[in-house]
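[1] Build me a model from this:
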Amino acid sequence: MPQLELDGAALTYDDEGPRDAAEVPLVFVHGWTADRHRWDHQIAHFSPGRRVIRLDLRGHGESTGAGVRTIAELAQDVLALLDHLKVERFVLVGHSMGGMIAQTIALAHPERVERMALVCSIGRMTYSRGRGLLMAASTLVPYKLFVAANIQRAFAPGYPREEIRAHIRASAATPREVVMTLYGAMRAFDVLDRAGEIRTPTLMVHGYHDVQLPVRQMLRMAKAYPDALVRILDAGHELPLEKPAELTAVLDRFVTDRFVTEKA
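    Okay, the predicted model is just below:
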């Protein structure tokens, strides 16, 4: 279990697969309150023939550290790890908050990102007045109730309740400071007006039943991208857990599609 010591944090990561593969590495970034194991199915699929890298973000999973207040700071952590591993160019795959991190990196360093896949992610969080008041009020309830309410609604109807409860427990183990601070960071995240600057070939794959970050918000972002593919799957917000094989198949087609490279 390698770790990178960085600015008061220890970032736990996995670096698997052949170093001499012809293709650039795949880099997987998880979302809020999750960890690198969200990508277990994808790592098992891609690592036999391609270098794959994933990490636990600061304060999540087996990584330590807190204090970051913006998505940009998390993006710097990811870039620091890739610099440490001497990875100059890569394909970025980000889920939810991880997709926000991916967009931040693509805007700041477009020369390093060969392709990008955004899984249940958006460029700007928008709410109706009523919804905004409800979200603000939710931060006032006890911490475990706050986490439970957010994770419960992340899954499509019919997902096994025992599994949801297990994910709620895992999410609630994330330090409160990290959870609440990054909740605010996601609400403040906004790159929608800059989406047209991103020339990186991009896949946007979303769950039809996602109520955390609804499909219509993703489609608004897709309209702004000059080169985006959109796929909708029968899942909620936790697409990597709900439909791992289907997500892997979509990602595999995207990262091996010559047409995308030739268009870019």
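
[2] Would you mark the buried spots in the helix or strand hosting Tyr13?
    Using DSSP states H and E, Tyr13 sits in strand 9-16. By 16 or more other CB atoms under 10 Å, the buried positions in strand 9-16 come out as 9, 11-15. Where you see a C-beta, it was placed from the backbone N, CA and C, and this is true even at glycine.

[3] Which secondary structure elements does it sit against?
    Packing partners of strand 9-16 (3 or more CB pairs under 8 Å, 6 or more residues apart in numbering; DSSP states H and E): strand 3-6, strand 52-55, helix 71-84.

[4] winner for burial among the ones you listed?
    Most buried of these, by mean neighbour count (mean count of other CB atoms under 10 Å): strand 52-55, with a mean of 25.

[5] Now tell me what touches that one from outside.
    11-17, 25-30, 36, 39, 42-43, 46, 63, 77-78, 81-82, 85, 87, 90 (CB atoms under 8 Å, 6 or more residues apart in numbering).

[6] about what we covered before: can I get the helices and strands packed on strand 9-16 in a markdown table with distance to Asn150?
    Output for the helices and strands packed on strand 9-16, formatted as a markdown table (distance: least, CB to CB, whole Å):
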| stretch | distance to Asn150 |
| --- | --- |
| strand 3-6 | 28 |
| strand 52-55 | 22 |
| helix 71-84 | 18 |
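
[7] What segments of the stretch 51-200 of the chain are helices?
    Using DSSP state H, counting those that start in this stretch, the helices found in the stretch 51-200 of the chain span residues 71-84, 97-108, 129-138, 143-152, 161-172, 176-188.

[8] Highest mean neighbour count across the ones you listed, which stretch is it?
    Mean neighbours per residue, mean count of other CB under 10 Å, is largest over the helices of the stretch 51-200 of the chain for helix 97-108, with a mean of 25.

[9] low-scoring pLDDT stretches of this protein, where are they?
    The chain contains residues with pLDDT under 70 at 127-139, 258-264.

[10] rewinding a little: indicate which one of the helices and strands packed on strand 9-16 is closest to Asp210.
    Between Asp210 and the helices and strands packed on strand 9-16, the tightest spacing by CB to CB is seen for helix 71-84, at 19.1 Å.

[11] and that closest one, C-alpha only, in PDB?
    Extracted in PDB, the C-alpha atoms of helix 71-84 (Å, rounded to 0.1, in the frame of the first residue of the first chain):
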ATOM      1  CA  ILE A  71     -11.800  21.400  -5.700                       C
ATOM      2  CA  ALA A  72      -8.600  23.100  -7.100                       C
ATOM      3  CA  GLU A  73      -6.700  22.000  -4.100                       C
ATOM      4  CA  LEU A  74      -7.700  18.400  -4.600                       C
ATOM      5  CA  ALA A  75      -6.700  18.700  -8.200                       C
ATOM      6  CA  GLN A  76      -3.300  19.800  -7.100                       C
ATOM      7  CA  ASP A  77      -3.000  16.600  -4.900                       C
ATOM      8  CA  VAL A  78      -3.800  14.400  -7.900                       C
ATOM      9  CA  LEU A  79      -1.200  16.200 -10.100                       C
ATOM     10  CA  ALA A  80       1.400  16.000  -7.300                       C
ATOM     11  CA  LEU A  81       0.900  12.200  -7.200                       C
ATOM     12  CA  LEU A  82       1.200  11.900 -11.000                       C
ATOM     13  CA  ASP A  83       4.300  14.000 -11.000                       C
ATOM     14  CA  HIS A  84       5.700  11.800  -8.200                       C
END
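
[12] hmm, who's touching that helix?
    With CB under 8 Å, 6+ apart as the contact definition, helix 71-84 has outside contacts at 4, 6, 9, 11, 13, 27, 29, 53, 55, 57-58, 68, 88, 90, 97, 100-101, 104-105, 108-109, 182, 185-186, 189.
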